[in-house]
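Visitor: sequence and predicted structure below; questions after.
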Amino acid sequence: MTMSTVEHAGAFRDALRSSKHIVVIAGAGLSAASASKGIPTYHDGGGLWRTLDATALASPEAFRENPSLVWQFYHYRRNKALEAKPNAAHGVVAKMSVPQYLETVAPGAQSFHLITQNIDRLSADALQAVVRSMTSGLPNSGQSTRAKPIVYKNSILEMHGRLFDLQCTQCKYCVEDRSTPLTPALGVADADLLTYQDAGTKPINIPEEQLPRCAKCGALARPGVVWFNERPLYLDEINSIVYKADMCLVIGTSSQVRPASTYAYRVRRRGGKVALFNMDPSEKDIAGADFVFKGPCEVLLPAILPELQ
């Protein structure tokens, strides 16, 4: 970090130390370093997805019209996400979910929440890893003098759903399933897409009965993510969190997608502080922040908050 960045970091740390209700708003930039080839978004991908408008596959209408194609797209994304591991930025944010760690940088903190637009589950995986590391070696009897870790209630809110969830289209039963392939037919489709360079012009039609089914009632299942034209999850709870937040960390996301793009503005409007961590923040993002840190969040966060590495 440059000297100016170091000085800026000091001012941010001072503000964080006096914060009571901390919220993180995270986007794709948080997970960008978590896979050698990256986790594909709606706008990129390989094979089949180079020749199709992937945004048109992320809607209830697209699923009704062609569940085979939509499931192939999401199965591809699932496989890429399964290859990914939480990075250092995930680790810092995960430790903020644990009061024992958070008090080292914000001794007056009373609450912490991560509101993430990511569907890859890497933030949840990072938090589980932190809890495991804190409980390793504890006897089952619970007689150890070491206290079991406490995690802030509902510390992670995945407002756009979860990539590994299977949600029934009929009874709405939902369960996480990280197995792959989800069905033999999807496994065959994966192999074919890797084999043929022109697979995008020859989509594979999988019969509906060979697509993922609900484990409870047997009906067709869909990916457990929030699609375009669907309401994000936990909005009422998020609104309450944002209303009382006095510190907002915006990590790896820009002010483009509503409603997440409005949260930092609302915190600042009520007198809270906003810290921005982004590779390439827009002028609007910069104007709406008290502290701006340009660069990869997996480098910036551990450097600025070394206590949480």
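Guide: On my side now, so go ahead.

Visitor: which residue is the nearest non-sequential neighbour of residue 56?
Guide: In this structure, residue 56 finds its nearest non-sequential neighbour in residue 62, 5.9 Å apart by Cβ to Cβ, 6 or more residues apart in numbering. C-beta here means a position set from N, CA and C on the backbone, and glycine is covered the same way.

Visitor: any idea how far that neighbour lies from residue 228?
Guide: In this view, residue 62 and residue 228 are 9 Å apart by Cβ to Cβ, to the nearest Å.

Visitor: same check on residue 308?
Guide: Computed as Cβ to Cβ, the residue 308 to residue 228 distance reads 35 Å.

Visitor: and what of residue 136?
Guide: Relative to residue 228, and taking Cβ to Cβ, residue 136 is found at 42 Å.

Visitor: compare these two (neighbour count), which wins?
Guide: Neighbours were counted for residue 136 and for residue 228 using other Cβ atoms under 10 Å; residue 228 has more, 13 against 7.

Visitor: now the more buried one: which helix or strand?
Guide: For residue 228, there is no host helix or strand (DSSP states H and E).

Visitor: show me what contacts the nearest residue to it once chain neighbours are set aside?
Guide: Of all residues not flanking residue 228 in the chain, residue 59 sits nearest, at 4.7 Å (Cβ to Cβ, 6+ apart). By Cβ atoms under 8 Å, 6 or more residues apart in numbering, the residues touching residue 59 are 227-229.

Visitor: report the mean per-residue pLDDT for stretch 61-70.
Guide: Per-region confidence: stretch 61-70 scores 94 on mean pLDDT.

Visitor: gap between that stretch and the chain center?
Guide: Remark: stretch 61-70 is offset 24 Å from the chain centroid, using Cα atoms, centre = their mean, to the nearest Å.

Visitor: and stretch 10-20, by the same measure?
Guide: For stretch 10-20, the distance to the chain centre is 25 Å (Cα atoms, centre = their mean).

Visitor: over to stretch 211-221?
Guide: Mean C-alpha position of stretch 211-221 versus that of the full chain (Cα atoms, centre = their mean) differs by 26 Å.

Visitor: likewise stretch 270-279?
Guide: Between the centre of stretch 270-279 and the centre of its chain there are 18 Å (Cα atoms, centre = their mean).

Visitor: grab the nearest non-local neighbour of the most centrally placed residue in the chain.
Guide: In the chain, the residue lying closest to the centroid (Cα atoms, centre = their mean) is residue 118, at 2.7 Å. Excluding its sequence neighbours, the residue lying closest to residue 118 (Cβ to Cβ, 6+ apart) is residue 31, at 5.5 Å.

Visitor: swap in residue 204?
Guide: Spatial nearest neighbour of residue 204, excluding adjacent residues (Cβ to Cβ, 6+ apart): residue 189 at 4.7 Å.

Visitor: what about residue 156, neighbour count?
Guide: Neighbours of residue 156 under the rule other Cβ under 10 Å: 21.

Visitor: who are the contact partners of it?
Guide: Shown in contact with residue 156 (Cβ under 8 Å, 6+ apart): 97, 113-114, 116, 123-124, 127.

Visitor: can you select the buried ones from the residues you listed in PyMOL?
Guide: The buried residues among the contacts of residue 156 can be selected in PyMOL (16 or more other Cβ atoms under 10 Å) with this line:
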select buried, resi 97+113+114+116+123+124+127
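
Visitor: now, the most widely separated pair of the contacts of residue 156?
Guide: Using Cβ to Cβ, the pair of those lying farthest apart is 113 and 124, separated by 13.5 Å.

Visitor: strand partners (parallel or antiparallel) of the helix or strand hosting residue 157?
Guide: Applying DSSP H and E as the criterion places residue 157 in strand 156-158. Partner strands for strand 156-158, per DSSP bridges, with pairing direction: strand 111-116 (parallel).

Visitor: so where's this structure shaky on pLDDT?
Guide: Within the chain, the stretches with pLDDT under 70 are 1-7, 35-54, 137-147, 190-203, 255.

Visitor: show me where it has strands.
Guide: Using DSSP state E, the strands of the chain run over residues 21-26, 111-116, 156-158, 161-168, 174-176, 221-225, 247-251, 273-278, 291-294.

Visitor: nothing else from me, thank you.
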